[in-house]
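# Show me how the following folds:
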Amino acid sequence: MTSSLALEVRSFGIKVTLVEPAGFATDWPGPSAVRASQLPAYDQFRANMPISASARRGDPDATGPAILAIADAEDPPLRVFLGDQPLPLLRTEYARRIAEWEAWDDLSRQAFGSAAP
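Okay, here's the model as predicted:
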């Protein structure tokens with residue numbers, strides 16, 4: 001949706017940025033949070049999560065200046081992460097996705113009626 005919106009409003013001089021924040025050190029997951037009891041069936045899943053609840057959290061006070069830098073940029077990004085965790089995780093994930101898409105590319109082209117190169 002962000003990409004579509006950016007294309008639709010570009011001719012009006014409006015620039016769009018999707019901000020994708022990592023975890024920040026706020027009280028959101030702390031004592032003010034209401035939580036359900038954890039089900040044992042999900043213990044293995046929680047143990048294998050790439051980012052755990054104990055992962056380092058960002059400083060919320062650093063967010064304001066970062067957002068203002070994006071807003072003041074002549075050519076702001078369409079998408080930006082806030083944090084040091086998302087990019088390394090997504091490099092791995094997108095490499096896996098590209099490998100899978102490439103492995104199935106012949107079938108994708110056949111399904112469209114195109115011959116494989």
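# At which residues are the helices of the chain located?
2-9, 43-47, 63-72, 86-103, 105-112 (DSSP state H).
# Mean pLDDT lowest where, among the ones you listed?
For these, mean pLDDT drops lowest on helix 43-47, to a mean of 89.
# ok, the most centrally placed residue in the chain - contacts?
In the chain, the centroid-proximal residue (CA atoms, centre = their mean) is E20; its distance is 5.3 Å. E20 sits next to 79-82, 86 when contact means CB atoms under 8 Å, 6 or more residues apart in numbering. Yep, even glycine has a C-beta here, placed from its N, CA and C like the rest.
# try 10 Å this time
By CB atoms under 10 Å, 6 or more residues apart in numbering, the residues touching E20 are 2, 79-83, 86, 90.
# Got a PyMOL select line for the buried ones in those?
Of the contacts of E20, the buried ones can be selected in PyMOL as follows, counting by 16 or more other CB atoms under 10 Å:
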select buried, resi 80+81+82+83+86
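# Assess the claim that V9 and S3 are in contact.
No. V9 is not in contact with S3 according to CB atoms under 10 Å; the separation is 11.5 Å.
# Okay, domains of the protein per the record?
As assigned by automatic domain parsing, the chain contains the domains 2-83, 85-117.
# Excluding chain neighbours, what is closest to T26?
P60 (5.7 Å; CB to CB, 6 or more residues apart in numbering).
# That neighbour: neighbour count?
11 (other CB atoms under 10 Å).
# and it, what is it in contact with?
By CB under 10 Å, 6+ apart, the neighbours of P60 are 21, 24-26.
# tell me how far the ends of stretch 60-76 are from each other?
Stretch 60-76 has its terminal residues 21 Å apart, counting by CA to CA, to the nearest Å.
# How far does that stretch sit from its chain's centre?
Distance, stretch centre to chain centre, for stretch 60-76: 18 Å (CA atoms, centre = their mean, to the nearest Å).
# got the buried residues for that stretch?
Within stretch 60-76, judged by 16+ other CB under 10 Å, no residue is buried.
# again with stretch 32-51
Going by 16+ other CB under 10 Å, stretch 32-51 has no buried residues at all.
# For it, give me every contacting residue.
Counting by CB under 10 Å, 6+ apart, 22-23, 26-27, 29, 52-53, 55, 83, 85-86, 88-89, 92-93 sit against stretch 32-51.
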